[in-house]
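# For reference, the sequence and a predicted model appear below.
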Amino acid sequence: MCCEENNIFIGLDYDDTFTRDPVGWAEFVKMMLARGHEVMIVTWRTPEEAVEVGHDMNYWKLPVPVYATSRKAKMKYMFEQGICIDVVIDDNPNSWTTSMQPQSAGLWN
Ligand SMILES: [Mg+2]
């Protein structure tokens, strides 16, 4: 059942979140993984746009999955993948409940 396990499922945004301090977030991610929590990158990017995100995770040696929602609301998208995110870390929290609006298409958040 969603959100009832002891380990925390953390959804971490990439653009303007991870990218603002990769060194700091890498340490955070490694620490939380070591504590048994689950960390995953969840981005509004398309899968094609997210290829470089996966490369970046490899560069930082972070064994975390990357989910690309293609501008769709992140929480609903993750639920559809069978994953309930407990904690969100994002410079744009609205992206978890709202799909990108047409007027802002082209921006990554
Ligand atoms: Mg962002």
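In hand now; what should we look at?
# Briefly note if the longest strand along the chain comes near the ion.
Longest among the strand segments of the chain by residue count, using DSSP state E, is strand 38-43. No: figure legend: strand 38-43 not in contact with the ion (CB under 5 Å from the ion); closest approach 7.5 Å. In short, each C-beta sits where N, CA and C put it, glycine included.
# Please apply the same query to stretch 81-89.
No: judged by CB under 5 Å from the ion, stretch 81-89 makes no contact with the ion; its nearest approach is 9.9 Å.
# Quick check, residue 100 in contact with residue 44.
Yes: counting by CB atoms under 8 Å, residue 100 does reach residue 44; the two are 6.0 Å apart.
# Which one of those two is surrounded by more residues?
More neighbours surround residue 44 than the other of residue 100 and residue 44, with 25 against 20 (other CB atoms under 10 Å).
# okay, that one: pLDDT?
As predicted, residue 44 sits at a pLDDT of 95.
# Next, count neighbours for the closest residue to it other than its chain neighbours.
Among residues not flanking residue 44 along the chain, residue 71 sits closest, at 5.2 Å (CB to CB, 6 or more residues apart in numbering). Look at residue 71: counted by other CB under 10 Å, it has 22 neighbours.
# Please name the residues that touch residue 71.
Neighbouring residues of residue 71 by CB atoms under 8 Å, 6 or more residues apart in numbering: 44, 46, 99-100, 105.
# ok so, going back, could I get the buried residue list for the next helix or strand along the chain from the longest strand of the chain?
Using DSSP states H and E, the helix or strand that follows strand 38-43 in sequence is helix 51-59. By 16 or more other CB atoms under 10 Å, the buried positions in helix 51-59 come out as 53, 56-57.
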